[in-house]
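Student: sequence and predicted structure are below.
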Protein chains: 2
Amino acid sequence: MATRLSDVAARAGVSVKTVSNVINDYPHITAHTRAKVEAAIEALDYTPNVSARSLRKGRSDFIALAIPEMGSPYFAELGAAISRAAKKRGITVLIDQTEGEAAGEKLVLDGMRGQLIDGIIFSPITTSPAKIDLAATAKPLVLLGERHAGGTLDHVAVDSVQASFDATTHLISIGRRRIAAIGVGGGAGTGVVRRKGYRKALKAAGLPHDPALELAGTGYHREDGAASMRELLALPEPPDAVFCFNDLLALGALRTLADAGLSVPGDVAVVGFDDIEDGRYHSPSLSTISPDKEWLAENAVGLLLDRIAGTGEVARRDLTVPYTLQIRESSAG
Amino acid sequence: MATRLSDVAARAGVSVKTVSNVINDYPHITAHTRAKVEAAIEALDYTPNVSARSLRKGRSDFIALAIPEMGSPYFAELGAAISRAAKKRGITVLIDQTEGEAAGEKLVLDGMRGQLIDGIIFSPITTSPAKIDLAATAKPLVLLGERHAGGTLDHVAVDSVQASFDATTHLISIGRRRIAAIGVGGGAGTGVVRRKGYRKALKAAGLPHDPALELAGTGYHREDGAASMRELLALPEPPDAVFCFNDLLALGALRTLADAGLSVPGDVAVVGFDDIEDGRYHSPSLSTISPDKEWLAENAVGLLLDRIAGTGEVARRDLTVPYTLQIRESSAG
DNA sequence: AGAAATCTTTACAACGATTGACATGGAGTT
DNA sequence: AACTCCATGTCAATCGTTGTAAAGATTTCT
């Protein structure tokens, strides 16, 4: 099984160096020689040994993607997109589930996969304070998710404040006056930033701000959304609309509303954030902020590879992912 | 950045080999020496270089998981479970999206990631005929998904025939008589095997078999389920129940039913297969066959690692994943 | 006490690919 | 005929770690 460079060389009747030259696109090679070598490679089904190459070159063409959990649809879709974007460039993505803080930190600081990977795309969930440590990492790193003021790292994210403002404003525009927010306690700044946009929209519309309508849960799963919605329905004066800080929360909320026999959007309108596929097929289909995930993936990978290849000190870059507000049944006018 | 074994050795005042011995739990080492070395490792924050180690040992402690697409909830959940199971054993999982046949084949036969990975867990989608080639692969391989008769590879799968029989029988037991099947054209034998269980159940109950109720679509996504359901509703005599060969199809079907203003399970009962999280929170919640994914993950990883460590020729093993039928709202009695 | 057995530690080579310095032999120029 | 440019080859070193075997140290046994 161990087809080696020297096997190829022997079969092609050339030296090892020549084969290596062919593989690494060394300029001065006859078409004839190149053909011979390529034929031999083909015939022997040769693949360079990644370990050896990476050991020698210090480059592996592997990057890591650190996300909280890949079972979560948004991250699954993101991971898929990033994998694809990387594959296009001949890069392999290693997906790491950080689950919580500990593991994530461990990944970034400890070891970095024993120097195998060339860089990392990191979507932190609970690592605001460790930001500085992050900056001290040995390998290039691109950060996804909410923007940390004063960060020193390359960054790709949606303008969550603006998007949340848009989502809330949309609810206002369809006549809602008591608009709740679910997910305010969300990690990595998400809760804070999205609440900011939410409050801003209320203020801009001259609506009162009722703290009871801001659900401080930290979880971002369906069950958390369902629970928060139950709390809201138990209020003396329940809301007529809910802006959920991600789609899973919204789907959970919809479930609670259905259980309560309330109509959506009749009694309560719902808007989410992320545009995961589930929401599109749900009934009612879920209105949501739809970040361009392909764009995000392309650019995150691009940024990272730039940095990896990077010779000089390029200034830190900060990209804003385009998004649209998808108005679907859950908030139809 | 490059803290090497030799750096540690120098600091600890021992030879490189001794450090290596400590790291690899070589038995004969003085407590004193071990302490010195460990202190040095700690102080220098040393992590072994994966490439070098893998080059030397021929083992990397990386395995690959080849799945059609990780954006698909079932595979996302499976991938998460397998990653976790592997991590517990100190193994890292590399996820490969095969998307279709071409890439999947390429992965398995070509290169195998340049000998980096120690083995592969493969969930084929369109590779029935290439089975033989698979067997010829250099590295240990565990197959997931429908059982191929006469296979020579280790295998972990649900008994789809039985499960489908159970699902269909359940629909019959709640009084349904015109039961459709969606996903009959599904790849990798899935469609065939599940249809077998479906037909068997009809036969066992003495129900007629109507070919018009077997929807031959090959896709397994929500949109395919939605489209198939539309076809069914267009029939002169639509079904009163549908068994969908996976949950995504079922969710798509539910969407179509909702659009048509039909009640579930009142007018049409629906059962899926996979038990993805979406189904549990959908309204109505989705009845489904629930394979024990943790069990599957544990055992697939276990089998593969056995094989990798394996000295002698162990006989081929074939494990059957336990499952339960989860009866939820979409088929409540 | 002296020899044998055992334990600890070390030196060296090898894993496979790449690279740099340098040599070689032709083809083409002037 | 001297010179340059090209295509390839030779040789050796390197990346960091570990297996083999052997040297050095210590204990055990007679």
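Tutor: Yep, that arrived. Numbering: from 1, shown residues only, chains lettered A, B, ... in the order given.
Student: once you drop chain neighbours, what's closest to the residue in the stretch 101-250 of chain A that chain B sits nearest to?
Tutor: Closest approach between the stretch 101-250 of chain A and chain B, counting by Cβ to the nearest Cβ: A:Gly114, at 3.6 Å. Where C-beta positions appear, they are placed from N, C-alpha and C, glycine not excepted. Spatially, and ignoring its direct neighbours in sequence, A:Gly114 is nearest to B:Val50 (3.6 Å; Cβ to Cβ, 6 or more residues apart in numbering or on different chains).
Student: okay, now the one you found: neighbour count?
Tutor: Neighbourhood size, B:Val50 [other Cβ atoms under 10 Å in any protein chain shown]: 25.
Student: surely it touches B:Ser60?
Tutor: Yes. Applying Cβ atoms under 8 Å as the test, B:Val50 and B:Ser60 come out as touching, 6.7 Å apart.
Student: quick check: neighbours shared by the two?
Tutor: A shared contact of B:Val50 and B:Ser60, defined by Cβ atoms under 8 Å, 6 or more residues apart in numbering or on different chains, is any residue touching both; here these are A:Ser51.
Student: doesn't A:Gly175 lie inside a strand?
Tutor: No. Inclusion of A:Gly175 in a strand is not indicated when DSSP: H, G, I helix; E, B strand; the rest coil is applied; the result is coil.
Student: where's it relative to A:Pro238, distance?
Tutor: Distance of A:Gly175 to A:Pro238, given as Cβ to Cβ, to the nearest Å: 16 Å.
Student: how about the residue nearest to A:Tyr46 when sequence neighbours are not counted, secondary structure?
Tutor: Leaving aside its chain neighbours, A:Tyr46 sits nearest to A:Thr3 (4.7 Å; criterion: Cβ to Cβ, 6+ apart). Classification of A:Thr3 using three-state DSSP returns coil.
Student: hang on, A:Thr3 packs against A:Asp45?
Tutor: Yes. Using Cβ under 8 Å, A:Thr3 is in contact with A:Asp45, at 6.6 Å.
Student: pick out whichever of those two has more residues nearby.
Tutor: Counted by other Cβ under 10 Å, A:Thr3 and A:Asp45 do not tie: A:Thr3 has more neighbours, with 19 against 11.
Student: quick one: the more buried one from B:Lys196, how far?
Tutor: Noted for A:Thr3: a distance of 42 Å to B:Lys196, by Cβ to Cβ.
Student: equivalent analysis for A:Lys36, please.
Tutor: Separation of A:Lys36 from B:Lys196 (Cβ to Cβ) stands at 52 Å.
Student: returning to that earlier point: contacting residues for the residue nearest to A:Tyr46?
Tutor: A:Thr3 sits next to A:44-47 when contact means Cβ under 8 Å, 6+ apart.
Student: buried only: go through those residues for me.
Tutor: A:Tyr46 (16 or more other Cβ atoms under 10 Å in any protein chain shown).
Student: show me where chain A has helices.
Tutor: Shown for chain A, the helices assigned by DSSP state H span residues A:5-12, A:16-23, A:31-44, A:50-57, A:73-88, A:101-109, A:131-135, A:160-173, A:190-204, A:222-233, A:247-259, A:277-281, A:293-309.
Student: got those as CSV, with mean pLDDT columns?
Tutor: Converted to CSV, the helices of chain A look like this (pLDDT from 0 to 100):
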stretch, mean pLDDT
helix A:5-12, 88
helix A:16-23, 86
helix A:31-44, 87
helix A:50-57, 92
helix A:73-88, 94
helix A:101-109, 57
helix A:131-135, 50
helix A:160-173, 97
helix A:190-204, 94
helix A:222-233, 96
helix A:247-259, 96
helix A:277-281, 92
helix A:293-309, 94
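Student: pick the most deeply packed of the ones you listed.
Tutor: Mean neighbour count (mean count of other Cβ atoms under 10 Å in any protein chain shown) peaks for helix A:247-259 among those, with a mean of 26.
Student: packing partners of that one?
Tutor: Judged by 3 or more Cβ pairs under 8 Å, 6 or more residues apart in numbering or on different chains; DSSP states H and E, helix A:247-259 is in contact with helix A:73-88, strand A:179-182, helix A:222-233, strand A:241-244, strand A:269-273, helix A:277-281, helix B:277-281.
Student: ok, how many other residues are close to the one residue in the stretch 151-300 of chain A that gets nearest to DNA strand D?
Tutor: With Cβ to the nearest atom of the strand, the shortest gap between the stretch 151-300 of chain A and DNA strand D falls at A:Leu153, namely 24.9 Å. As a burial measure, A:Leu153 scores 18 neighbours (other Cβ under 10 Å).
Student: any chance you could list what contacts stretch A:215-234?
Tutor: A:72, A:180-187, A:190-191, A:213, A:238-239, A:242, A:244-246, A:248-253, A:255-257, A:260, A:262, B:277, B:280-281.
Student: look up how far chain B lies from the closest residue to A:Asp159 other than its chain neighbours.
Tutor: Nearest in space to A:Asp159, with sequence neighbours left out and distances taken as Cβ to Cβ, 6+ apart, is A:Thr320 at 5.3 Å. Summarising the geometry, the distance separating A:Thr320 from chain B, computed by Cβ to the nearest Cβ, to the nearest Å, is 24 Å.
Student: mind checking pLDDT for A:Thr320?
Tutor: The pLDDT attached to A:Thr320 in the predicted structure is 95.
Student: list the contacts for it?
Tutor: A:Thr320 makes contact with A:157-159, according to Cβ under 8 Å, 6+ apart.
Student: what's across from it in the sheet?
Tutor: Each beta-bridge partner of A:Thr320 is listed here, defined by DSSP bridges: A:Ala157.
Student: quickly note the distance from it to A:Lys196.
Tutor: When Cβ to Cβ is the yardstick, A:Thr320 and A:Lys196 sit 16 Å from each other.
Student: can you check A:Ser72 too?
Tutor: Applying Cβ to Cβ to A:Ser72 and A:Lys196 gives a distance of 24 Å.
Student: show me which residues of the stretch 151-300 of chain A sit near chain B.
Tutor: Proximity of the stretch 151-300 of chain A to chain B (Cβ under 8 Å from any Cβ of the partner chain) is limited to residues A:222, A:226, A:251-252, A:254-255, A:258-259, A:277-278, A:280-283, A:285.
Student: sorry, back to before: quick check: the residue of the stretch 151-300 of chain A closest to DNA strand D touching A:Arg316?
Tutor: Yes. The pair A:Leu153 and A:Arg316 qualifies as a contact (Cβ under 8 Å) at a distance of 6.6 Å.
Student: on that earlier part again, ok, now which ones touch the residue of the stretch 101-250 of chain A closest to chain B?
Tutor: When contacts are counted by Cβ under 8 Å, 6+ apart, A:Gly114 is found next to B:47-51, B:53.
Student: any idea of the pLDDT on it?
Tutor: For A:Gly114, the pLDDT comes out at 70.
Student: please name the nearest non-neighbouring residue to the residue of the stretch 151-300 of chain A closest to DNA strand D.
Tutor: On the basis of Cβ to Cβ, 6+ apart, the spatially nearest residue to A:Leu153 that is not a chain neighbour turns out to be A:Leu143, at 4.9 Å.
Student: that concludes my questions; thank you for your assistance.
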